[in-house]
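Q: After the sequence you'll find the predicted model.
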Amino acid sequence: WVLSDFEVGKPLGRGKFGHVYLAREKRSNQIVALKVLFKSQLKQSQVEHQLRREVEIQSHLRHPNILRLYGYFYDKTRVYLILEYAAKGELYKELTRCKHFSERRSATYIASLARALIYLHGKHVIHRDIKPENLLIGAQGELKIADFGWSVHTFNRRRTMCGTLDYLPPEMVEKTEHDYHVDIWSLGILCYEFLYGVPPFEAKEHSETYRRIVKVDLKFPLKPFVSPAAKDLISQMLVKNSAHRLPLHKVLEHPWIVQNAD
Ligand SMILES: CC(C)CCNC(=O)Cn1cc(-c2ccc3c(-c4nc5ccccc5[nH]4)n[nH]c3c2)cn1
């Protein structure tokens with residue numbers, strides 16, 4: 001691929017390492033999201049090797065709820081990633097607009113994320129940044145995990161450096177070992193945030209958020225009304241001991257998911 005294969009359109013978003021543009025591949029007329037990364041910035045952040053590895057992993061992932069990486073190319077100064085275009089944009093903007101989602105919409109999203117995570121764990125890939133900022137919505141309203149953070153493999157220092165702490169599980173806050181159970185914790189946080197519009201351990205100060213996470217200080221507000229079944233599922237995922245968190249296949253069998261997910 002070369003840049004002239006594409007007709008580049010409006011910017012879709014700005015990431016830490018570069019911008020994403022709407023683009024059309026001229027021969028096929030296929031609409032894509034073209035992410036442009038500056039080599040200079042990659043070099044100074046020493047992420048070139050990590051980027052190469054993530055591109056390698058992502059290009060082999062095929063799942064309806066994981067944003068596709070179709071390919072990549074580079075020129076003298078930039079690296080270009082050819083990504084799937086998600087026609088209905090960023091999920092967190094939709095969540096902000098709606099304040100919170102219905103139980104049916106939340107359960108449908110959680111079920112598709114659980115299936116995507118089962119697929120990823122089957123490929124020994126954990127720790128996707130599954131917070132709202134990293135989720136996009138496809139043309140049919142389906143959820144797409146768009147891993148902005150390149151946190152595909154086991155270690156991922158990125159999250160603790162910047163971005164929200166709300167999604168960190170106790171074992172990460174306490175800097176102990178962590179494994180794929182972290183994704184079940186994050187799914188529980190996401191389910192809570194879909195239903196209430198805010199993450200469960202949100203606090204003004206980081207130190208207070210940390211304290212609430214390690215204590216699993218889980219409280220369910222009276223408003224908006226959320227069914228006991230939904231609270232039951234969240235309570236089985238936000239468990240301090242990672243081995244006791246509800247396994248992903250059990251999430252898909254939970255009554256709240258079975259009764260509410262499309
Ligand atoms: C290291 C590499 C393999 C990671 C690859 N993944 C990423 O770079 C993550 N990433 C995805 C994007 C991204 C951002 C926005 C979109 C969009 C999109 N569709 C929109 C519709 C309306 C308004 C905004 C939209 N953004 N579709 N696909 C995207 C893809 C940016 N970074």
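A: Arrived safely.

Q: Excluding chain neighbours, what is closest to residue 133?
A: Closest residue in space to residue 133, ignoring its immediate chain neighbours: residue 92 at 5.1 Å, by Cβ to Cβ, 6 or more residues apart in numbering. C-betas here are computed from N, CA, C, even on glycine.

Q: again with residue 55
A: Nearest non-adjacent residue to residue 55 (Cβ to Cβ, 6+ apart): residue 72, at 5.6 Å.

Q: So what's the residue count around residue 9?
A: Neighbour count of residue 9, defined by other Cβ atoms under 10 Å: 12.

Q: contacting residues for it?
A: Contact analysis of residue 9 by Cβ atoms under 8 Å, 6 or more residues apart in numbering lists 21-24.

Q: Identify the residues contacting the residue nearest to residue 133.
A: Contact analysis of residue 92 by Cβ under 8 Å, 6+ apart lists 132-133, 135.

Q: re the thing from before, looking at the contacts of residue 9, state which has the most neighbours.
A: Busiest of these [other Cβ under 10 Å] is residue 23, holding 25 neighbours.

Q: Residue 81 contacts residue 32, correct?
A: No - if you go by Cβ atoms under 8 Å, residue 81 and residue 32 don't touch, sitting 9.6 Å apart.

Q: Restricting to C-alpha, output stretch 189-204 in PDB.
A: C-alpha atoms of stretch 189-204 as PDB (Å, rounded to 0.1, in the frame of the first residue of the first chain):
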ATOM      1  CA  ILE A 189     -16.800  -1.900  35.700                       C
ATOM      2  CA  LEU A 190     -18.100  -1.300  32.200                       C
ATOM      3  CA  CYS A 191     -21.400  -3.000  32.900                       C
ATOM      4  CA  TYR A 192     -21.900  -0.700  35.900                       C
ATOM      5  CA  GLU A 193     -20.900   2.400  33.900                       C
ATOM      6  CA  PHE A 194     -23.300   1.500  31.100                       C
ATOM      7  CA  LEU A 195     -26.200   1.200  33.600                       C
ATOM      8  CA  TYR A 196     -25.400   4.100  35.900                       C
ATOM      9  CA  GLY A 197     -23.400   6.400  33.600                       C
ATOM     10  CA  VAL A 198     -20.400   6.600  36.000                       C
ATOM     11  CA  PRO A 199     -17.800   4.000  37.000                       C
ATOM     12  CA  PRO A 200     -18.400   2.400  40.500                       C
ATOM     13  CA  PHE A 201     -15.300   3.600  42.300                       C
ATOM     14  CA  GLU A 202     -15.100   7.100  40.900                       C
ATOM     15  CA  ALA A 203     -13.800   9.700  43.400                       C
ATOM     16  CA  LYS A 204     -12.300  13.200  43.300                       C
END
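
Q: Quick one: name the residues of the stretch 1-150 of the chain near the ligand.
A: 12-13, 15, 20, 33, 35, 51, 54-55, 58, 69, 81, 83-86, 89-90, 136, 146-148, 150 (Cβ under 6 Å from any ligand atom).

Q: Let's see the PyMOL selection covering just the buried ones among those residues.
A: Those of those that count as buried under 16 or more other Cβ atoms under 10 Å are selected in PyMOL with:
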select buried, resi 12+20+33+35+51+54+55+58+69+81+83+84+85+86+90+136+146+147+148+150
